[in-house]
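1. model the structure of this input:
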Amino acid sequence: MGALVTLDLPDDSPTLDLPWIITFGPLSDDDEWEPVVCGPYERQHALALAESVVADEQLMAVVEPLLPSTAATEIRDEIEKARRLAEEEPPQLGDESFGDAGLSGLLDEDGHDHDHLEAAEPPTSAEIKAGMRRIAAKLSA
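-> I've put the predicted structure just below:
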C-alpha cells in the first residue's frame, strides 16, 4: 500500500486541462532509488494509473500538472507565484498514505475525497494514446 499526492483543484480550474505527469518514488527514506517520471497524460488517466500502481506497492506517486512554459521568464513567474502562495497559505496535506483499511486520501475523478477507494482500473493503452493525441494537439495549437 502506497501513497498518492495531487492538487485539490476547483472544477473550473484551467489547470485541469493541462498535461499531467506522475513521479513515482520510494515511500520511505529507507529506500534509495531515483524516482521514475511518466507522462504526459490527461489528469484522469494520470490519477488512475498512479492509483493502480501504488495500491499494491510501497511507493509514493505525485500527480502534477506539466506547465507548457516556453520562456525562462514564464518559469520564473511561476516560481515566484508558487513562493507567494506558500507564504500566504501553507499546504494543507491530508492523509495521503494508505493503511490496512485500504486507499485513503485519494481524490476521485470528480475531485472528491473518500476515506476508502478501490484501486481504479488503469486506462487502456488505446485510451492513453488518444489522450496523448489530445495533449499534443493542445500543445501544438
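2. mind checking the SS state of V63?
-> strand (DSSP: H, G, I helix; E, B strand; the rest coil).
3. OK, contacts around the closest residue to V36 other than its chain neighbours?
-> Closest residue to V36 apart from its sequence neighbours, by Cβ to Cβ, 6 or more residues apart in numbering: F24 at 4.6 Å. C-beta coordinates here come from the backbone N, C-alpha and C atoms, glycine included. For F24, the contact set (Cβ atoms under 8 Å, 6 or more residues apart in numbering) comprises 35-38, 50, 53-54, 59-61.
4. so which residue of the protein lies furthest out from the middle?
-> Centroid-distance maximum for the chain: T73 at 24.8 Å, with Cα atoms, centre = their mean.
5. can I get the contacts of F24 in CSV including neighbour count?
-> Listed next are the contacts of F24 as CSV, based on neighbours: other Cβ atoms under 10 Å:
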residue, neighbour count
P35, 13
V36, 12
V37, 12
C38, 16
A50, 31
V53, 19
V54, 24
L59, 20
M60, 21
A61, 27
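6. so which of those residues are in helices?
-> 50, 53-54 (DSSP state H).
7. which element, helix or strand, includes L67?
-> Using DSSP states H and E, L67 is not contained in any helix or strand.
8. show me what contacts it?
-> 18, 74-75, 78.
9. next helix or strand past the helix or strand bottoming out on mean pLDDT in the chain?
-> Least confident helix or strand of the chain, by mean pLDDT, DSSP states H and E, is strand 113-114 with a mean of 42. Once the chain leaves strand 113-114, the next helix or strand it forms, by DSSP H and E, is helix 125-140.
10. how about the CA coordinates for that next one, as PDB?
-> C-alpha atoms of helix 125-140 as PDB (Å, rounded to 0.1, in the frame of the first residue of the first chain):
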ATOM      1  CA  SER A 125      -3.200   1.700 -24.000                       C
ATOM      2  CA  ALA A 126      -5.700   3.000 -26.600                       C
ATOM      3  CA  GLU A 127      -7.200   5.400 -24.200                       C
ATOM      4  CA  ILE A 128      -3.800   6.700 -23.100                       C
ATOM      5  CA  LYS A 129      -2.700   7.100 -26.800                       C
ATOM      6  CA  ALA A 130      -5.900   9.000 -27.600                       C
ATOM      7  CA  GLY A 131      -5.300  11.300 -24.600                       C
ATOM      8  CA  MET A 132      -1.700  11.900 -25.700                       C
ATOM      9  CA  ARG A 133      -3.000  12.900 -29.200                       C
ATOM     10  CA  ARG A 134      -5.400  15.400 -27.500                       C
ATOM     11  CA  ILE A 135      -2.400  16.700 -25.400                       C
ATOM     12  CA  ALA A 136      -0.200  17.000 -28.500                       C
ATOM     13  CA  ALA A 137      -3.000  19.000 -30.300                       C
ATOM     14  CA  LYS A 138      -3.300  21.400 -27.300                       C
ATOM     15  CA  LEU A 139       0.500  21.900 -27.100                       C
ATOM     16  CA  SER A 140       0.800  22.500 -30.900                       C
END
